[in-house]
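**Q** Structure here, sequence nowhere to be found:
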């Protein structure tokens, strides 16, 4: 049964797509809609979310071990391909009014 969810944020979000517009209202909204590989806790330490663990392999290469058995809303499994798609999508979003400047075109993402 569908129900309404009301949240308070500091302004009107421009888009529910986190890669379209890099603004505080959008970030406030999307934190309620999407999980991340890691997040920061109150003391600003990294803690696992969709990633169980991670390690620096080389200065520009990170390896993430994904949490098993994580389903998407429609039941399909969360995979490394989903992470690779998302990372590759960020700089490719066209006509975004304010894309995230912190995302240069990535090197190939592999599984």
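**A** Received, thanks. This one's a predicted model, so the numbers in the text were calculated from it and none came from an experiment. Residues are numbered from 1 along each chain as shown.
**Q** Residue 64 versus residue 52, what's the distance?
**A** As judged by Cβ to Cβ, to the nearest Å, residue 52 and residue 64 stand 8 Å apart. Just so you know, the C-beta spots here come from the backbone N, C-alpha and C atoms, and that holds for glycine as well.
**Q** which of those two has more neighbours?
**A** residue 64 (16 against 12; other Cβ atoms under 10 Å).
**Q** wait, is that one part of a strand?
**A** Yes - Residue 64: assigned to a strand according to DSSP: H, G, I helix; E, B strand; the rest coil.
**Q** in the helix or strand hosting residue 85, what's buried?
**A** Element membership for residue 85, per DSSP states H and E: helix 80-89. Buried residues in helix 80-89, counted by 16 or more other Cβ atoms under 10 Å: residue 83.
**Q** neighbouring strands for the stretch of helix or strand residue 53 belongs to, and are they parallel or not?
**A** Taking DSSP H and E as the criterion, residue 53 maps to strand 51-58. According to DSSP bridges, strand 51-58 forms sheet pairs with strand 61-66 (antiparallel).
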